[in-house]
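Asker: Let me see the structure of the following:
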Amino acid sequence: MKHSEVRNRIIETASFLFYRNGYNLTGINEIISEAGIAKATLYSHFKSKEDICLAYLRFKNDTFLSDIEKFCRSRQKGRNQLLAIFDFLLLFFKDRDFNGCWCIRTVSEIPKDDHKIRDEIQEQKTSLIELIGKLLEDNVQEKSRKEIDLLARQIYLLYESAVSESHLHQENWPIKSAKQLCDQILN
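Answerer: Predicted coordinates for the structure are as follows:
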């Protein structure tokens with residue numbers, strides 16, 4: 001098997017396990033066993049569990065950003081493209097493997113001084129805010145840059161709270177409520 005295929009299998013396996021079980025509850029030996037590789041193979045691709053975690057976060061985020069942007073852009077132009085982020089979340093929530101936000105789950109498990117992972121998560125959250133900002137620029141008229149930045153952060157907060165609360169309550173009302181609030185602030 002090619003080097004890149006093995007690396008991808010390790011990332012996909014770790015991603016599944018970290019998201020389902022949590023970062024701290026997933027051990028290196030479990031990743032090795034589930035991926036069907038030798039310990040030396042894992043360490044030839046990643047120096048540490050932290051490096052695997054960073055690859056996991058990037059894998060999840062790259063897929064997420066691509067998928068949510070495609071989903072939103074497939075909607076009719078205007079506020080529908082913005083509100084579509086909540087429709088996307090509703091589909092994500094309905095997935096049987098939904099376990100909340102991978103970033104929030106991970107950041108809650110790491111020490112406060114783990115800057116590598118925390119910085120990666122902050123970058124990913126900033127990327128989501130930027131995506132929302134692009135959707136606003138393309139779909140909302142007569143707003144200044146400052147107003148778009150503020151709106152992007154507000155919508156981001158609605159989205160993030162909807163993810164957390166739908167996971168907590170195991171119900172979709174937080175997503176539907178966040179979408180309604182988003183619609184109101186877009187007026």
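
Asker: make it CA atoms for all contacts and neighbour counts henceforth
Answerer: OK.

Asker: Could you pull up phi and psi at residue 43?
Answerer: phi -70, psi -10 (degrees, to the nearest 10).

Asker: May I have the residues that are in contact with it?
Answerer: For residue 43, no residue meets the contact criterion (C-alpha atoms under 8 Å, 6 or more residues apart in numbering).

Asker: again, only using 10 Å
Answerer: Going by C-alpha atoms under 10 Å, 6 or more residues apart in numbering, residue 43 touches 28, 49, 52.

Asker: Also residue 31?
Answerer: Contacts for residue 31 (C-alpha under 10 Å, 6+ apart) come out as 9-18, 37, 39, 42, 49, 52.

Asker: Can you say which helix or strand has it in it?
Answerer: helix 28-35 (DSSP states H and E).

Asker: list the buried ones in that helix?
Answerer: Neighbour counts using 16 or more other C-alpha atoms under 10 Å place 28, 31, 32, 35 of helix 28-35 among the buried residues.

Asker: what stretches of the chain score poorly on pLDDT?
Answerer: 1 (pLDDT under 70).

Asker: And the residue nearest the centre of it?
Answerer: residue 61 (5.0 Å; C-alpha atoms, centre = their mean).

Asker: looking at it, that one is touching residue 124, isn't it?
Answerer: Yes: at 6.7 Å, residue 61 and residue 124 qualify as touching, with contact defined as C-alpha atoms under 10 Å.

Asker: Residue 14 and residue 34, how far apart?
Answerer: As for residue 14, its distance to residue 34 is 9 Å (criterion: C-alpha to C-alpha, to the nearest Å).

Asker: same deal with residue 102?
Answerer: Taken as C-alpha to C-alpha, the span from residue 102 to residue 34 is 20 Å.

Asker: Give the residues shared as contacts by residue 61 and residue 124.
Answerer: residue 103.

Asker: just the strands in this structure please.
Answerer: In the chain, no segments count as strands under DSSP state E.

Asker: Need the overlap of contacts for residue 14 and residue 34.
Answerer: Common contact partners of residue 14 and residue 34 (C-alpha under 10 Å, 6+ apart): residue 28.

Asker: Run through the residues that contact residue 52.
Answerer: 7, 10-11, 14-15, 18, 28, 31, 42-43, 45-46, 58.

Asker: circling back: tell me the buried residues within the contacts of residue 31.
Answerer: Among the contacts of residue 31, those buried by neighbour count (16+ other C-alpha under 10 Å) are 9-18, 42, 49, 52.
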